[in-house]
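A.B. asks: Take a look and give me a structure for this.
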Amino acid sequence: MRYPDGGGLTPAARAKREQVRLEAAGLFAAGMSPPQVANKLRVSRKSAYVWHKAWRTAKAAALESKGPGGQRCRLSDAQAERLEAALDAGPAVWGWTEDQRWTLVRVTTLVGRLFHISYIPRGVSYLLHRLGWSPQAPQRRAAERDEEAIAIWVKDTWPLAEQRRGIRTRGSASPTKQGNR
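C.D. replies: I've put the predicted structure just below:
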């Protein structure tokens with residue numbers, strides 16, 4: 001399962017699921033069948049059968065949580081905090097002066113410079129997501145854009161364009177041919 005924090009289940013959710021599995025182990029020990037356990041705990045029969053098979057081999061220990069799934073982050077908590085501080089400082093501080101955007105390639109390079117750890121851009125994407133950063137699409141604006149002229153147009157011209165064209169009579173949706181009674 002994927003969640004917004006990119007790290008799978010939270011520790012609380014993992015503990016809650018483990019509690020359900022351990023309750024199932026107790027029910028199996030009491031002699032209940034997997035379909036009965038599934039109905040009582042409101043889980044799928046398939047889960048109950050999988051749990052029962054694991055329970056028969058190693059009892060309740062087989063149903064305990066094994067921790068979060070996936071590969072562990074290669075950065076320590078201190079390194080992740082240091083990376084966040086470096087990202088907050090901006091790309092210009094690290095030599096990218098042409099624009100103020102963090103690209104995956106730039107962050108990959110930064111991680112290599114700071115920690116001598118090699119990541120691929122996709123791995124950096126997961127890392128940034130875990131740190132709470134989201135991808136941003138830059139706004140496309142013309143180089144010749146004149147903010148003053150735009151403000152004047154919005155203030156003077158746009159209200160005229162938005163004005164109603166006339167009063168329509170009841171029963172007509174057409175702005176040119178009015179309904180007759």
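A.B. asks: would you list every one of the strands in the chain?
C.D. replies: Assigned by DSSP state E, the chain shows no strands.
A.B. asks: And the helices in it?
C.D. replies: Assigned by DSSP state H, the chain shows helices spanning 11-29, 34-41, 45-58, 77-89, 104-115, 121-130, 147-162.
A.B. asks: same for the second one, what does it pack against?
C.D. replies: Think helix 34-41. Under the contact definition 3 or more CB pairs under 8 Å, 6 or more residues apart in numbering; DSSP states H and E, helix 34-41 sits against helix 11-29, helix 45-58. All C-beta atoms are positioned from the backbone trio N, CA, C, and that covers glycine.
A.B. asks: Could you do the fourth one as well?
C.D. replies: Using 3+ CB pairs under 8 Å, 6+ apart as the contact definition, the elements that helix 77-89 packs against are helix 104-115.
A.B. asks: on that earlier part again, looking at the helices and strands packed on helix 34-41, which is closest to residue 88?
C.D. replies: Nearest to residue 88 among these is helix 11-29; the distance by CB to CB comes to 26.7 Å.
A.B. asks: ok, and what's touching that closest one?
C.D. replies: Outside of helix 11-29, the residues within contact range by CB atoms under 8 Å, 6 or more residues apart in numbering are 9, 34, 36-37, 40-41, 43, 48, 51-52, 55, 59-60, 63-65, 67-68.
A.B. asks: Could you rerun that using 7 Å?
C.D. replies: 37, 40-41, 43, 48, 51-52, 55, 59-60, 63-65 (CB atoms under 7 Å, 6 or more residues apart in numbering).
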